[in-house]
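>>> my questions are about this predicted structure, shown below with the sequence.
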Amino acid sequence: MPDGGSSSLAGSVAANTAIPLGLTPSLAMDMTYVAMADSLGLAMQNAVANQQRAQVITEAALAQVLTLIITKGTAKS
């Protein structure tokens, strides 16, 4: 069997490992950007949820105040 086939195989293996090694920094930055985008998305979801809870509490407080005003009636002069 000629030895030329194994050298071309070794060359293709070396080329296949060189490409991923060259892409490693950009892939690492991509993963960082994805993690940052995910964190920002979660922060925005938390902000929306907090705003909705605050709105529900505000509406409940307003309903309670209006109920008290209606039950007490108008102030006698």
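Received, thanks. Because the structure is predicted, anything quoted here is derived from the model rather than measured.
>>> check contacts around Arg53.
Counting by Cβ atoms under 8 Å, 6 or more residues apart in numbering, Arg53 touches no other residue. Any C-beta I mention is one placed from the backbone N, CA and C, and that applies to glycine too.
>>> tell me which helix or strand it sits in.
Taking DSSP states H and E as the definition, Arg53 sits inside helix 4-72.
>>> how far does that helix sit from the chain's center?
Distance, stretch centre to chain centre, for helix 4-72: 2 Å (Cα atoms, centre = their mean, to the nearest Å).
>>> what average pLDDT does that helix get?
The average pLDDT for helix 4-72 rounds to 87.
>>> any idea how far the most centrally placed residue in the chain is from Met31?
Central residue of the chain (Cα atoms, centre = their mean): Asp38, 2.2 Å from the mean position. Distance of Asp38 to Met31, given as Cβ to Cβ, to the nearest Å: 10 Å.
>>> how about Val56?
38 Å.
>>> how many neighbours does Met29 have?
10 (other Cβ atoms under 10 Å).
>>> the chain should start at 34 in everything you say after this.
Got it, the first residue is 34 from now on, which makes the last one we talked about Met62.
>>> against Ser72, how distant is it?
Distance from Met62 to Ser72, by Cβ to Cβ: 15 Å.
>>> could you do Met64 as well?
When Met64 is compared with Ser72 (using Cβ to Cβ), they lie 13 Å apart.
>>> report the backbone C-alpha coordinates of stretch 58-68 in PDB.
Output of stretch 58-68 as PDB, limited to C-alpha atoms (Å, rounded to 0.1, in the frame of the first residue of the first chain):
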ATOM      1  CA  PRO A  58     -12.600  33.100  19.700                       C
ATOM      2  CA  SER A  59     -15.600  34.100  17.500                       C
ATOM      3  CA  LEU A  60     -17.600  31.200  18.900                       C
ATOM      4  CA  ALA A  61     -16.800  32.200  22.400                       C
ATOM      5  CA  MET A  62     -17.900  35.800  21.700                       C
ATOM      6  CA  ASP A  63     -21.100  34.500  20.100                       C
ATOM      7  CA  MET A  64     -21.800  32.500  23.300                       C
ATOM      8  CA  THR A  65     -21.200  35.600  25.300                       C
ATOM      9  CA  TYR A  66     -23.600  37.600  23.200                       C
ATOM     10  CA  VAL A  67     -26.200  34.900  23.500                       C
ATOM     11  CA  ALA A  68     -25.900  34.800  27.300                       C
END
